[in-house]
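> fold the following.
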Amino acid sequence: MNGARVWWLAGALTAALWVALSAAASHVSALQAGGGSLQASLTMQQFHALGLLLLGCVQKHRASRWLALSGGLMVAGLVLFCLNIDARLLWGWEVARPLVPVGGSAFILAWVAFGAGVLRPER
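Just a heads-up that it's a prediction; the model follows:
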């Protein structure tokens, strides 16, 4: 495994773990404070915007269906997690609130797919 792939994999695994731990911490905070956090949503948006930029750079040099899946999952997470939280907190929109955990799971799976994409042979 070349040096770039090692760092990409390490970054993907760290990102997946970070999202999972952030979700756990957010749930504890929400239970204590009585609601979700706009700051949590904004942090996820920033982090995954950078993730999409990184993904574009990696995919330019290494085409992979896993990497394409990773990008789709990141976008799904942005819509299902971030947009739902933003809409609920800013405008009181509660319709899609049950989809927020699905969006968080999409973020975690996106980073797992990213890791798989850098491990698998190029296609």
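
> backbone dihedrals for the residue nearest in space to the middle of the chain, please?
Residue closest to the average C-alpha location in the chain (Cα atoms, centre = their mean): Phe107, at 2.7 Å. Backbone geometry at Phe107, expressed as degrees, to the nearest 10, gives phi -60, psi -50.

> not counting its neighbours along the chain, what's nearest it?
Counting by Cβ to Cβ, 6 or more residues apart in numbering, Gly77 is the residue found nearest to Phe107 once chain neighbours are left out, at 3.9 Å. Just so you know, the C-beta spots here come from the backbone N, C-alpha and C atoms, and that holds for glycine as well.

> go ahead and confirm that neighbour touches Trp111.
No: using Cβ atoms under 8 Å, Gly77 and Trp111 do not qualify as a contacting pair, with a distance of 9.9 Å.

> what about the residue nearest to the centre of the chain, distance to Asn2?
27 Å (Cβ to Cβ, to the nearest Å).

> equivalent analysis for Ser105, please.
Remark: distance between Ser105 and Asn2 (Cβ to Cβ) = 31 Å.

> got it, and Leu50?
Distance from Leu50 to Asn2, by Cβ to Cβ: 23 Å.

> okay, the two: which has more neighbours?
Just comparing Leu50 and Asn2: by other Cβ atoms under 10 Å the higher neighbour count belongs to Leu50, 11 against 8.

> element containing that one, please.
Leu50 belongs to helix 38-61 when assigned by DSSP states H and E.

> contacts for that helix?
8, 11, 15, 18-19, 22, 26, 67-68, 70-71, 74-75, 77-78, 81-82, 85-86, 89-90, 107, 110-111, 114, 117-118 (Cβ atoms under 8 Å, 6 or more residues apart in numbering).
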